[in-house]
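Asks: okay, sequence plus prediction incoming.
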Number of protein chains: 2
Amino acid sequence: MAIRNNTATTIVGRTNRLSPRTSMKIGEVSQESGVGVEALRFYERSGLLGRPARSQSGYRLYDEAVLERLAFIRKAQFLGFSLDEIRHIISDAEKGASPCDNVRGIVRRRLAEVSERIKELQRHHRELTRTLEEWDEVGRAPGNICGLIETTEMQNPSPAAGRVVQKKLRKNGL
Amino acid sequence: MAIRNNTATTIVGRTNRLSPRTSMKIGEVSQESGVGVEALRFYERSGLLGRPARSQSGYRLYDEAVLERLAFIRKAQFLGFSLDEIRHIISDAEKGASPCDNVRGIVRRRLAEVSERIKELQRHHRELTRTLEEWDEVGRAPGNICGLIETTEMQNPSPAAGRVVQKKLRKNGL
DNA sequence: CTTGACTCTATACGCGACTTCAGGGTTTAT
DNA sequence: ATAAACCCTGAAGTCGCGTATAGAGTCAAG
């Protein structure tokens, strides 16, 4: 289980910032970054990391830059960017274009989405609360399957509201 | 594209409540309920609808009850139930047990989840807003890929925070 | 020299609620 | 009579972000 640090057996066992390892194997990178080994390979396949050097036996050899790249990815994810968006940002940057304006726009849009989503959830919260209160009053409502649900009024009775709800939320990850 | 109402060519063209169609084909049910044809078959496979009668040629023939069932499903979805939960509720009801207590519990739990989710999103909203403000002050920050993101501080700098965030949100569909 | 921890590739699986496809048969309108 | 529009089944694909598995090679320590 425990991952051994086998190149940097110098003085400090773990995260040793004093000796910048010029070539880390994937497990070390995983250890340092907190990103799983499989995820690292997945990122590489997805074009987020570029192809690292290889040892004679084919092992990936990373230099420290990858840690910054991973930190970048994590921060961007934290801000709500999808891996796809992140990939675009990186490739813009590598083409020399500053992606920052673009990024700013995305963040602004996401901010609007989050606001919207919060409002929806608050509405939903009120709806659920109201429903529970109604149920408490009614006790046991009549109905074929579950009177509680059947007597529930939807605020948005457009066809297939449920489908839409479930779907777009999952899609935006909000 | 336009779906024609072919059994109820009586007086009213569309939703004709005066002549209860005892047998609707799947397209009509779709039309009336707003649930897609494929979704209807999917619900049937998933055990949410039971097996409808069939015409000689194998077409599904629904009676009006299916519309109530679908309304039930939509409302339950609207309240945040998964199709799996809905299936359980229905099967409880068909066994004669009143699922309402169960349902009440689920709603209460979901209410708690929604509250939690709202809090998370509000935090996220503050985070995004703060970030945008910082960016506006800084103008153009230095950095390799996108200074804006690189200079962003994460409030929760635990490893792989992003992964966790993205994942559980998608999971709860909240 | 063996063991066990590590690495490699390629492929499949997981979630949830559907949608799409392939390859038919049926009904209805003109 | 024919074409459009509907219906059938069963399987596979979609979305995002990885995780898990299988089968094999590599490396360091005891």
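Replies: Received, thanks. Numbering: from 1, shown residues only, chains lettered A, B, ... in the order given.

Asks: could you pull out the helices in chain A for me?
Replies: Applying DSSP state H to chain A gives helices spanning A:26-33, A:37-45, A:65-78, A:83-94, A:100-138, A:147-150, A:161-172.

Asks: how about a markdown table for those helices, with mean pLDDT and distance to DNA strand D added?
Replies: C-beta coordinates here come from the backbone N, C-alpha and C atoms, glycine included. Formatted as a markdown table, the helices of chain A follow (pLDDT from 0 to 100; distance: least, C-beta to the nearest atom of the strand, whole Å):
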| stretch | mean pLDDT | distance to DNA strand D |
| --- | --- | --- |
| helix A:26-33 | 96 | 9 |
| helix A:37-45 | 96 | 4 |
| helix A:65-78 | 90 | 6 |
| helix A:83-94 | 86 | 4 |
| helix A:100-138 | 78 | 12 |
| helix A:147-150 | 62 | 26 |
| helix A:161-172 | 44 | 7 |
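
Asks: need those helices in CSV with mean neighbour count and distance to B:Glu44, can you?
Replies: Below are the helices of chain A laid out as CSV (neighbours: other C-beta atoms under 10 Å in any protein chain shown; distance: least, C-beta to C-beta, whole Å):
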stretch, mean neighbour count, distance to B:Glu44
helix A:26-33, 20, 46
helix A:37-45, 15, 37
helix A:65-78, 21, 39
helix A:83-94, 18, 35
helix A:100-138, 16, 28
helix A:147-150, 22, 20
helix A:161-172, 16, 16
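
Asks: distance to B:Ala76 for those helices - can I get that in TSV?
Replies: Conversion of the helices of chain A to TSV gives the following (distance: least, C-beta to C-beta, whole Å):
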stretch	distance to B:Ala76
helix A:26-33	42
helix A:37-45	36
helix A:65-78	33
helix A:83-94	33
helix A:100-138	11
helix A:147-150	5
helix A:161-172	8
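
Asks: how near is the residue in chain A positioned nearest to DNA strand C to B:Lys119?
Replies: Taking C-beta to the nearest atom of the strand as the measure, chain A has A:Gly27 as its residue closest to DNA strand C, at 2.5 Å. From A:Gly27 over to B:Lys119 the distance is 36 Å, taken as C-beta to C-beta, to the nearest Å.

Asks: and if you look at A:Gln77?
Replies: The value you get for A:Gln77 to B:Lys119, if C-beta to C-beta is used, is 20 Å.

Asks: cool, A:Val107 as well?
Replies: Distance from A:Val107 to B:Lys119, by C-beta to C-beta: 21 Å.

Asks: and A:Thr131, by the same measure?
Replies: 21 Å.

Asks: how about A:Glu38?
Replies: 31 Å.

Asks: and if you look at A:Arg69?
Replies: 31 Å.

Asks: setting aside sequence neighbours, what's the nearest residue to A:Gly36?
Replies: In this structure, A:Gly36 finds its nearest non-sequential neighbour in A:Ser30, 6.0 Å apart by C-beta to C-beta, 6 or more residues apart in numbering or on different chains.

Asks: so that neighbour touches A:Tyr43, yeah?
Replies: No: contact criterion C-beta atoms under 8 Å: A:Ser30 and A:Tyr43 do not qualify, at 11.3 Å.

Asks: mind giving me the domain split of chain A?
Replies: Annotated domains of chain A cover A:26-94, A:100-172 [automatic domain parsing].

Asks: a markdown table for the ones you listed, including distance to B:Asp84?
Replies: Shown next, in a markdown table, are these (distance: least, C-beta to C-beta, whole Å):
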| stretch | distance to B:Asp84 |
| --- | --- |
| domain A:26-94 | 27 |
| domain A:100-172 | 12 |
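
Asks: what's the closest of these to B:Ser82?
Replies: domain A:100-172 (8.5 Å; C-beta to C-beta).
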